[in-house]
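Q: missing the sequence, but the structure's below:
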Ligand SMILES: [Zn+2]
């Protein structure tokens, strides 16, 4: 699961990359969440302080988007399971279609 922290290299940090995390209550100002992480892309050891309110909002959004992604996957699974295995003639058609493409649009 992604957390609302981004490494200096731009990689969005995953919960698996977190080394230490804690919530700190402050006498003045908003409470904060402290996160120490090791980036799996650039190996940077990073630290972030995030306002607790913002942390909760971002985590709420992340959980909602993951739930939406799971719904898409289950729809795809139903679609693919009804199609049966890929036949040899379909593989040949796909190969010929790829061979005839000048470029791929993403
Ligand atoms: Zn990084």
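A: In hand now; what should we look at? Just so it is clear, the model here is predicted, and its values are computed rather than measured.

Q: would you list every one of the strands in this structure?
A: 2-6, 12-14, 18-24, 32-38, 45-51 (DSSP state E).

Q: To the ion, which of the ones you listed lies closest?
A: The ion lies closest to strand 45-51 among these, at 7.4 Å (CB to the ion). For the C-beta atoms, the positions are set from N, CA and C on the backbone; glycine is no exception.

Q: so how far is that closest one off the chain centroid?
A: Distance of strand 45-51 from its chain centroid, counting by CA atoms, centre = their mean, to the nearest Å, is 19 Å.

Q: Repeat that for stretch 85-104.
A: Centroid separation between stretch 85-104 and its chain, computed with CA atoms, centre = their mean, is 30 Å.

Q: what's the first-to-last distance across that stretch?
A: With CA to CA, to the nearest Å as the measure, stretch 85-104 spans 25 Å from end to end.

Q: Show me what counts as buried in that stretch.
A: The neighbour-count check on stretch 85-104 (16 or more other CB atoms under 10 Å) flags nothing as buried.

Q: Numbering from 36 from now on, please.
A: Okay, using 36 as the starting number, the last item reads as stretch 120-139.

Q: Specify the angle between the helix or strand of the chain with the lowest mean pLDDT and strand 37-41 in degrees.
A: When each helix and strand of the chain is scored by mean pLDDT, DSSP states H and E, helix 87-116 comes last, with a mean of 81. Computed with axes from the mean of the first three to the mean of the last three CA atoms, to 10 degrees, the direction of helix 87-116 lies at 130 degrees from that of strand 37-41.

Q: so what's the residue lying closest to residue 41 once chain neighbours are set aside up against?
A: In this structure, residue 41 finds its nearest non-sequential neighbour in residue 47, 5.5 Å apart by CB to CB, 6 or more residues apart in numbering. The contact partners of residue 47, by CB atoms under 8 Å, 6 or more residues apart in numbering, come to 37, 40, 41.
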